[in-house]
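In: Sequence unavailable; structure follows:
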């Protein structure tokens, strides 16, 4: 399952922030599945919003275009890679 990286690493979130993150996660998960099944070009925003159970305007609150959503996938991948490299680097440093 694909997840948006939680930038609130200290775990402190208001209910509103939590709901926003859940909605963004839902858009992210649904669109990722649809892009994989149908391809980016053949997936519409209408399909994403219907599958995610949100209004079209809600989608646009998070992403101005479908292309912006695709860019967000890239950002998430880069952040995940950075976090993984950072964790591995810390493990590999000899203690003197």
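Out: Sure thing, it's come through. Just so we're clear, the structure is a prediction, and the values are computed from it rather than from any experiment.

In: Quick check on the residue nearest to residue 72 when sequence neighbours are not counted: phi, psi?
Out: Counting by CB to CB, 6 or more residues apart in numbering, residue 63 is the residue found nearest to residue 72 once chain neighbours are left out, at 6.7 Å. (C-beta placed from N, C-alpha, C; glycine too.) Main-chain torsions, residue 63, degrees, to the nearest 10: phi -140, psi 120.

In: ok, how many other residues are close to residue 63?
Out: For residue 63, the neighbour count with other CB atoms under 10 Å is 19.

In: contact partners of stretch 38-50?
Out: The contact list for stretch 38-50 (CB atoms under 8 Å, 6 or more residues apart in numbering) reads 27, 30-31, 34-35, 55-56, 58-59, 66, 70.

In: can you pull the buried residues of it?
Out: Neighbour counts over stretch 38-50 (16 or more other CB atoms under 10 Å) mark 43, 45, 48-49 as buried.

In: Number of residues surrounding residue 29?
Out: For residue 29, using other CB under 10 Å, the count is 16.

In: Show the model's pLDDT score for it.
Out: Looking at residue 29, its pLDDT reads 93.

In: So residue 59 sits against residue 26, correct?
Out: No. Counting by CB atoms under 8 Å, residue 59 sits too far from residue 26 to count as a contact (10.3 Å).

In: Of those two, which one has the most company?
Out: Neighbour count, other CB under 10 Å: between residue 59 and residue 26, residue 59 has more, with 21 against 18.
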